[in-house]
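[1] mind looking at a prediction? Sequence and model below.
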Amino acid sequence: EIMPSLVGSEMCIRDRAKTVPTWFSEDAPNKTPEEVDTWFAKQAEQLLAVAMAGEVDAKAFGEYLSAIKRDTLENLEAFRPNTSGDNDGVLETVLSRYRVNLLVDNRHLECAPVIYDDDPSFQSLFGGVESVSESSNTPDFMRLRAGNLLKAHGGMLMLHLRDLDAGEQGNAGIIEKLHRFLRNGRIQIEDTGGSAGHSVVPHLLEPLPVKVKLVLIATHEEFYALQEEFPEFAGHFKILVDFVERFAASPEIYLAVSRYVAERCDTLGLKHFSAAAVAGLLRAMHRWVEDQARIGTNYAQLETLIIESASVSPLSAPLVEPADVETASRLRLLRHEHYEKELRDSITDGELMIRVQGREIGQINGLTHMELGEAGFGSPVRISARCYPGDRGIINISREVQMSGPNHDKGVLILQSWLAASFPGLAPLSLNASLVFEQEYYGVEGDSASCAELYALLSALSGLPLPQGIAVTGALNQHGEVLPIGGLNEKIEGYFRVCRNLGLDGKQGVLIPAANRLHLMLDDEVTQAVEAGQFHILSIGHVLEGIEYLTGMPIGNADEQGHYRPETVMGRVQRALEQFSDIRKNNQQTLSFLVRDRRN
């Protein structure tokens, strides 16, 4: 809105620059002071009328006109034409004194400005002074340049909080200056180019009022750190908007994603996707968050898949098809499968001892999940248990050698609590039981193997063998309820590929938590194997359901005295614990007798 004022000012000043030199003509009559004042008053009225057409401070603009009048009268000689008759040169020299520096020009915008500064600095945010050569005649005020805060006046400026880190080299003090701006709503343009530090340009002593919405983009950790380090600054950001990583899928969401895919294809110059191919993209977005009912919000990852799918599509095909999306996904897996392939080959070659056929006592396959940057994969690991009489309870060998994390240790302690609570008449249990992840040399973390560890322990106590073709994943709580785990699809697919290499026999599969069923988004190869009966996926809600399936023997229910029927899983475990208790009591009595005998 201020543009008409600026254009009008330039026009009137140009008119003045042409008129004043005529006063020096030999034919021109001498101007009286009254005539000069009248002429200037008329000029001022014209300028003010033009200025009021825009959003202008009338008082400040009036002071500006008075300053022009005073400067013109004090420097009339500057308007005198030179002897060479180069009046155009005189005109431009005069105009340089009154030229307008347009700091922000938003004429091309159809709405309020929205600016994203991905590399903020003092100059990019607050403006600065353009450097010129010493021989330049450019006035200082014409060297002023607006920063993004001023350019975003009336609109919005978005910044990444991590880019404002006061510890970053060259960024020290940005947060403090931003804090001053948020406090008073004014910007002072400073010269930051000199070695002497920041200096205010003398031609712009008054700070400029600016109204802008400042948006900080940050992780939760970054924002909480800001609140702790700069609480007053953080206090200016009253509205916290959480960007979720997933949201409920619906026809409206699918339609919005389809439009996004079409927009990306147009913008990037790619061929468009067929409806079935878009469905393939949507399936991939479900898979990224491992949820059949929710869809991921990682649009950067989606754009990458769009580009890769279009790049593998045949040139002769008018549209990208589902097979192209599948090919792009498979190629991405191949680019990241080197480490998984090495592990799989080690299992195939017998270096890592994993059995997927037959039955063993006290031994079961658990499932691990490994993250390697953007890629992740699952792999089986053998878990074994040994039991004998004693009073140390369950010994977590990984913990004993400091190779397990707190979450894994927590899972083992919960396992021990559940076992003791299941046989209250025998508490404290006369048991020494060792649990170990075989051939695991890099440490163990997470509680998703606690169900598998319990099954290995119950097998060792009951003497019932477990099928080695069924791998188990899932955590349990103190009540025996099986809890959901992460990395489900990659765990299952990784184990399937191991079984495929060792030979599928129709008896292999995985045992997963029932709470994870909605997270199943398996690739086509595993899905087809399940449909053909070559691979099985079973789910359980309680830990005892799993041991019943694995052993093929009923679990058993305790009577009022806490006893289980003999030919049940829990009955056999109870009998073993009773035998351990008897052995320990006999050993204690024998030891006591030997001590008394020695004293005698």
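    Received, thanks. Residues are numbered from 1 along each chain as shown.
[2] which residues of the stretch 1-150 of the chain fall in helices?
    Ranges of helices within the stretch 1-150 of the chain are 3-19, 33-51, 58-74, 87-98, 122-126, 148-151, based on DSSP state H, counting those that start in this stretch.
[3] so what does the longest one touch, helix or strand wise?
    Judged by 3 or more Cβ pairs under 8 Å, 6 or more residues apart in numbering; DSSP states H and E, the packing partners of helix 33-51 are helix 3-19, helix 58-74. The way it works is simple: take the backbone N, C-alpha and C, and place the C-beta from them, glycine included.
[4] those helices: lowest mean pLDDT?
    Lowest mean pLDDT of the helices and strands packed on helix 33-51: helix 3-19, a mean of 62.
[5] who touches the host helix or strand of residue 176?
    Following DSSP states H and E, the helix or strand that holds residue 176 is helix 174-184. Applying Cβ atoms under 8 Å, 6 or more residues apart in numbering, the external contacts of helix 174-184 come out as 120-122, 125-126, 149, 164, 166, 187, 207, 210, 214, 230, 232-233, 236.
[6] rerun at 7 Å
    120, 122, 125-126, 149, 164, 166, 187, 214, 230, 232-233, 236 (Cβ atoms under 7 Å, 6 or more residues apart in numbering).
[7] with stretch 104-123 instead?
    3, 124-125, 146-148, 150-160, 163-164, 170, 174, 192.
[8] C-terminal to the strand ranked longest in the chain, what's the next element?
    Among the segments of the chain that qualify as a strand by DSSP state E, the longest is strand 375-388. With elements assigned by DSSP H and E, the helix or strand that comes after strand 375-388 is strand 393-396.
[9] pLDDT on that next one, on average?
    Strand 393-396 comes out at a mean pLDDT of 78.
[10] which non-adjacent residue is nearest residue 409?
    Distance criterion Cβ to Cβ, 6 or more residues apart in numbering; nearest residue to residue 409, sequence neighbours excluded, is residue 399 at 5.3 Å.
[11] what helix or strand is that neighbour on?
    helix 397-400.
[12] that older thread, of the contacts of helix 174-184, grab the buried ones for PyMOL.
    Buried subset of the contacts of helix 174-184, written as a PyMOL selection, criterion 16 or more other Cβ atoms under 10 Å:
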select buried, resi 120+122+125+126+149+164+187+230+233
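[13] let's have the contacts of helix 174-184 in a markdown table, adding pLDDT.
    What follows is these, written out as a markdown table (pLDDT from 0 to 100):
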| residue | pLDDT |
| --- | --- |
| 120 | 90 |
| 122 | 85 |
| 125 | 92 |
| 126 | 90 |
| 149 | 93 |
| 164 | 85 |
| 166 | 50 |
| 187 | 88 |
| 214 | 94 |
| 230 | 89 |
| 232 | 91 |
| 233 | 90 |
| 236 | 91 |
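[14] among the contacts of helix 174-184, which one sits closest to residue 318?
    residue 120 (44.5 Å; Cβ to Cβ).
[15] so how far is residue 186 from the closest one?
    19 Å (Cβ to Cβ, to the nearest Å).
[16] go on, residue 160?
    24 Å.
[17] who's more crowded, the two?
    residue 160 (17 against 12; other Cβ atoms under 10 Å).
[18] hang on, that one packs against residue 217?
    Yes. Between residue 160 and residue 217 there is a contact under Cβ atoms under 7 Å: 5.0 Å.
[19] run through the helices of the stretch 251-400 of the chain in chain order.
    Using DSSP H, counting those that start in this stretch, the helices of the stretch 251-400 of the chain run over 251-268, 275-288, 299-312, 322-336, 338-348, 397-400.
[20] so which of these gets nearest residue 376?
    The nearest among those, by Cβ to Cβ, is helix 322-336 at 8.6 Å.
[21] and the closest one, how far out from the chain middle?
    23 Å (Cα atoms, centre = their mean, to the nearest Å).
[22] and what of stretch 489-506?
    On Cα atoms, centre = their mean, the centre of stretch 489-506 falls 31 Å from that of its chain.
[23] buried residues in that stretch?
    489-500, 502, 504.
[24] what two of those are the furthest from one another?
    489 and 502 (20.6 Å).
[25] is it true that residue 214 lies in a strand?
    Yes. Assessed with DSSP: H, G, I helix; E, B strand; the rest coil, residue 214 lies in a strand.
[26] give the contact list for it.
    Neighbours of residue 214 in contact, by Cβ under 7 Å, 6+ apart: 157, 182.
[27] which residues does it bridge with?
    Note on residue 214: beta-bridge partners residue 157, judged by DSSP bridges.
[28] I'd say residue 286 and residue 280 touch.
    No. Counting by Cβ under 7 Å, residue 286 stays clear of residue 280, with 10.7 Å between them.
[29] these two: who's more crowded?
    Higher neighbour count among residue 286 and residue 280: residue 280, with 22 against 19, using other Cβ under 10 Å.
[30] wait, doesn't the more buried one sit right on residue 325?
    Yes. Between residue 280 and residue 325 there is a contact under Cβ under 7 Å: 3.6 Å.
[31] now do residue 282 against residue 429, distance only.
    Taken as Cβ to Cβ, the span from residue 282 to residue 429 is 51 Å.
[32] for the protein, what helix or strand is lowest in average pLDDT?
    Each helix and strand of the chain was given a mean pLDDT (mean pLDDT, DSSP states H and E); the minimum falls on strand 199-200 at a mean of 54.
[33] show the subsequent helix or strand relative to it.
    strand 208-209.
[34] what pairs with that next one, parallel or antiparallel?
    With DSSP bridges as the test, strand 208-209 pairs up with strand 186-187 (antiparallel).
[35] no more questions from me, cheers.
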